[in-house]
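Trainee: Build me a structure from this.
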Amino acid sequence: MQVYAIPIFIALLVCFFIAFLLTLPWTIYQYRKYGYFSFWKTLLILSFIFYGLSAYFLVIFPIPSVRNNCVSIDPGATFTQLRPFQFIQDIKRETSFNWNVPSSYIDLLKARPFFQMFFNVLLLFPLGVYLRYFFKKKVKWIYSALIGFGVSLFFETTQLTALFGTFKCPYRVFDVDDLITNTAGTVLGFLFAPIFLALIPSRETLNEQSRSISNQKKATFGAQLIEIILNIIITNVITNFILGLLKRPGIIAEEILFAIIFFILMVVIPVIWKGHTLGSKIVRMKLIPEKGNWLGSFSRRYIIVYVPFLFSALSRIFSKYMSNDLLVNLFIIGIAFLSGLLWLIIIFHVLIRWIKKDKVPYFNRYGQIQTVRDTGPDPASRHPK
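Mentor: Down below sits the predicted model:
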């Protein structure tokens, strides 16, 4: 089992790494294009990446420890098996299996060629399920067969060429039976896919959801949250860039610089840019004060969002003054505790309101700011009659 567990574990690690790198860009893409984050689309894509990595790593691992692996290979070894259905002969040779004797079927569970054939079928079975999800119609099974054969041929070529020249000599066998069983597995997955696809929304359902939300004028809760997160990230990038140009500015100067840049991004720019922050531009959203008081609304919004950062800044500043004075230390610890508690309250509040499908985050509600999707000018307005 370790032979199978290690490649799958490596695939899981690589998948987590890819997800870590692409989570923010993928989230921005979804909010920018559709106005919301689709859990099912993300899960399908992530699961397909994990499956693809697992299948490929199962094919190439374990790899030789050195590039010049020819010295460890028997000179008489062959790395091609071109006789179709050779696994049937191998099963007969290694067991007492007989089609006409049902009691001999149990011997299959002891045969290495049977398990090899079974796992080769299983390897591309999920691929057939994914293909059925995209092709939908059962009559397109021939497409799944061709794709499965192509993927299997890629795997076998990878093995025959020693990972495309990564190693001097092949370390796996190019087996025509693998092409047959892999292709059969893809077709079986395609035919039996409805059993598994009944557990997830259809493409039509997801597309209808996308159209429904895309037609809404108001921005979703998630889009409003991502807009704030992007402004915070941009503020940190600009702050760190400026700090890199300065020599030891001190922690107080660092916090003041962050507050100023954040004020510019959250108040000055949207007032000048008529309701757009850098973050809202990225996710295609516009901020509109409910009472028309642009400066007042954006200033309140800035204060509400900046308060936890202010407590964090005070905690960092006061931590430099820890001493032997018990009262001073208790005061500093209290500030740090309040800072952490405030962040926890905000995080839990946002998560709960998101789960309950609230439409407006607290910072826009108390800032008295409405948010609308900015999908660009109406095409009709660009082509007047």
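Trainee: Any regions of this structure where pLDDT drops low?
Mentor: Low-confidence segments of the chain, defined by pLDDT under 70: 1-3, 376-385.
Trainee: swap the cut-off to 50 and go again
Mentor: Counting by pLDDT under 50, the chain has low-confidence residues at 378-385.
Trainee: Please enumerate the strands of it.
Mentor: With DSSP state E, the ranges of strands along the chain come out as 80-81, 174-175, 285-289, 369-373.
Trainee: buried residues in the last one?
Mentor: Applying a neighbour-count criterion of 16 or more other CB atoms under 10 Å, one finds 369-371, 373 buried in strand 369-373. C-betas here are computed from N, CA, C, even on glycine.
Trainee: In JSON lines: the strands of the chain, plus distance to I73.
Mentor: Output for the strands of the chain, formatted as JSON lines (distance: least, CB to CB, whole Å):
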{"stretch": "strand 80-81", "distance to I73": "14"}
{"stretch": "strand 174-175", "distance to I73": "15"}
{"stretch": "strand 285-289", "distance to I73": "61"}
{"stretch": "strand 369-373", "distance to I73": "62"}
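Trainee: In the longest helix seen in the chain, which residues are buried?
Mentor: Selection of the longest helix in the chain by residue count, based on DSSP state H, yields helix 2-33. Neighbour-count burial for helix 2-33 flags 7-8, 11, 15, 26-28, 30-32 (criterion: 16+ other CB under 10 Å).
Trainee: tell me which of these is nearest to A223?
Mentor: The closest of the buried residues of helix 2-33 to A223 turns out to be Y31 (CB to CB; 4.8 Å).
Trainee: who touches the closest one in this structure?
Mentor: 37, 220, 222-223, 226, 283-284 (CB atoms under 8 Å, 6 or more residues apart in numbering).
Trainee: who wins for most neighbours among these?
Mentor: When the contacts of Y31 are compared by neighbour count (other CB atoms under 10 Å), V283 ends up highest, at 28 neighbours.
Trainee: tell me the phi and psi of the residue lying closest to L287 once chain neighbours are set aside?
Mentor: Distances taken as CB to CB, 6 or more residues apart in numbering put G275 closest to L287, at 4.6 Å, once the chain neighbours are dropped. Here is the backbone geometry of G275 (degrees, to the nearest 10): phi 90, psi 10.
Trainee: contacting residues around G275?
Mentor: With CB under 8 Å, 6+ apart, G275 has these contacts: 286-288, 294.
Trainee: Narrow these to just the buried residues.
Mentor: Buried members of the contacts of G275, scored by 16+ other CB under 10 Å, are 286-287, 294.
Trainee: can you put these in TSV and add distance to P102?
Mentor: TSV is the format used below for the buried ones among the contacts of G275 (distance: CB to CB, whole Å):
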residue	distance to P102
K286	72
L287	73
W294	82
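Trainee: Out of these, which comes closest to F115?
Mentor: K286 (60.1 Å).
Trainee: Pretty sure I369 is one of the things that closest one touches, is it not?
Mentor: No - contact criterion CB atoms under 8 Å: K286 and I369 do not qualify, at 10.1 Å.
Trainee: Name the residues of stretch 146-154 that are buried.
Mentor: Applying 16+ other CB under 10 Å to stretch 146-154 flags 147-149, 151-152 as buried.
Trainee: hang on, the earlier thing: from the contacts of G275, which two are the most distant?
Mentor: Using CB to CB, the pair of those lying farthest apart is K286 and W294, separated by 12.4 Å.
Trainee: what's around G244, how many residues?
Mentor: 8.
Trainee: Now for A219, how many residues are close by?
Mentor: Neighbours of A219 (other CB under 10 Å): 28.
Trainee: Identify the residues contacting it.
Mentor: 35, 227, 283, 285, 371-373.
Trainee: what residues are up against the closest residue to T161 other than its chain neighbours?
Mentor: The spatial neighbour of T161 that comes closest, neighbours along the chain excluded (CB to CB, 6+ apart), is P170 at 7.3 Å. By CB under 8 Å, 6+ apart, P170 lies in contact with 79, 159-162.
Trainee: quick one, phi psi at P170?
Mentor: Dihedral angles (degrees, to the nearest 10) for P170: phi -60, psi 150.
Trainee: ok, back up a step: dump the buried residues of strand 369-373 into TSV; add distance to L108 as well.
Mentor: As requested, the buried residues of strand 369-373 are exported to TSV (distance: CB to CB, whole Å):
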residue	distance to L108
I369	68
Q370	67
T371	62
R373	59
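Trainee: Many thanks, I have nothing further to ask.
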